[in-house]
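>>> Structure for the following, please:
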Amino acid sequence: MKVPIRTTANGTEYWDSEAKKVLFVPAGMRPSFKVTEKPESMLYVETKPLTDAPVFSLEGKTATQLREYAEENNIEVPGNLKKSETIREYIEEQLAVDEE
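Have a look, this model is predicted:
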């Protein structure tokens, strides 16, 4: 199976999955082989975490730690929020708004 992987001003590169190499066809020329467009076997993408680093969680953090986190992430926590639970909820709300 040969699939296009990159097109430049000089031509198109195709991946030959049987020979495990790249084939180059100059611009203006037609490939001398059968090209498979969008094969199903190449549409599946498995996602894996980039690192094994633990995911940061706001759970169990003190009010001071939460305020420091908010400051690092440019989130202004109102002064009337004192409990860590309410500060955490406020930060999570602000992060959700930023994602939209």
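>>> C-alpha only now, for contacts and for neighbours.
Fine.
>>> quick one: contacts for the closest residue to E59 other than its chain neighbours?
Distance criterion Cα to Cα, 6 or more residues apart in numbering; nearest residue to E59, sequence neighbours excluded, is R88 at 7.7 Å. Applying Cα atoms under 8 Å, 6 or more residues apart in numbering, we find R88 in contact with L58, E59, L66.
>>> pLDDT added to these, as a markdown table?
Formatted as a markdown table, these follow (pLDDT from 0 to 100):
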| residue | pLDDT |
| --- | --- |
| L58 | 88 |
| E59 | 89 |
| L66 | 94 |
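>>> Which among those residues count as buried?
With burial judged by 16 or more other Cα atoms under 10 Å, the buried subset of the contacts of R88 is L58, L66.
>>> Could you list the low-confidence segments of this structure?
Along the chain, segments meeting pLDDT under 70 span 40-55, 99-100.
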